[in-house]
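Engineer: Turn this into a structure:
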Amino acid sequence: MTASYFFGYGSLVNHSTNSYENAHPARLNGWRRQWCHTDLRPIAFLTAVPDDSCAIDGIIAHVPGDDWEALDAREFAYTRVISTPKVTHPITDPIEIAVYTARHDIGLPADMRHPILLSYLDVVVQGYLHEFGEQGVADFFATTTGWDAPILHDRADPQYPRHRVLTKDETALVDRHLAALNAKFTS
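Structural biologist: Next comes the predicted model:
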């Protein structure tokens, strides 16, 4: 029997934000990340978009109970795309892997009215640092587009529900990468 897995490329890489089982580092070939928004949310969020010139690191994890319908309901702003042949991973048993991408009918590029939450970005970067090291963090920033959206500086009062406290070094790492991008901040 083929087990069901999904590819996580944002906050799900940070294992402290979820309890998904059998998670492994993986690489999705032919895709990149992009900040986008919908009218369903006041803030920007990450999506994956096809891009033959790119590959992104992330994790694969087992879909609880192989219940795609339950996971689809949770990821209502996304469309599930089966991407098994495009994912490099360490599992030798047969598995089916899907990536969730923003629904085309509602996904728009991030903009001034839909900022990127710094508390969300902190969680993502902390996950990439723990899973892939500093090079993994640099690769995250390099393989993500939409950095022209403003960053909402909410560290003092985090709006992201699964926010995490970063160490001084982790905070400095995020800040260095945002400075290199000439990121614009809003409050």
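
Engineer: remind me which residues of the chain are low pLDDT?
Structural biologist: Counting by pLDDT under 70, the chain has low-confidence residues at 1, 104-112.

Engineer: for it, what's the longest helix?
Structural biologist: The longest helix of the chain (DSSP state H) is helix 118-142.

Engineer: Give the other helices and strands that the biggest strand by length in the chain contacts.
Structural biologist: The residue-count maximum for a strand in the chain (DSSP state E) belongs to strand 45-62. Counting contacts by 3 or more Cβ pairs under 8 Å, 6 or more residues apart in numbering; DSSP states H and E, strand 45-62 packs against strand 3-8, strand 24-37, strand 95-102, helix 118-142. Using the backbone N, CA and C atoms, a C-beta is placed for each residue, glycine as well.

Engineer: any chance of the ones you listed in TSV, plus mean neighbour count and distance to residue 179?
Structural biologist: Output for those, formatted as TSV (neighbours: other Cβ atoms under 10 Å; distance: least, Cβ to Cβ, whole Å):
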stretch	mean neighbour count	distance to residue 179
strand 3-8	22	27
strand 24-37	20	18
strand 95-102	21	28
helix 118-142	20	11
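
Engineer: Is it possible to get TSV of those that adds distance to residue 51?
Structural biologist: Putting the helices and strands packed on strand 45-62 into TSV (distance: least, Cβ to Cβ, whole Å) gives the following:
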stretch	distance to residue 51
strand 3-8	15
strand 24-37	4
strand 95-102	12
helix 118-142	12
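
Engineer: Those: which one's closest to residue 181?
Structural biologist: When the helices and strands packed on strand 45-62 are compared by Cβ to Cβ, helix 118-142 sits nearest residue 181, at 7.0 Å.

Engineer: before we move on, back to that, between the helices and strands packed on strand 45-62, which one is closest to residue 16.
Structural biologist: Closest to residue 16 of the helices and strands packed on strand 45-62, according to Cβ to Cβ: helix 118-142, at 7.9 Å.
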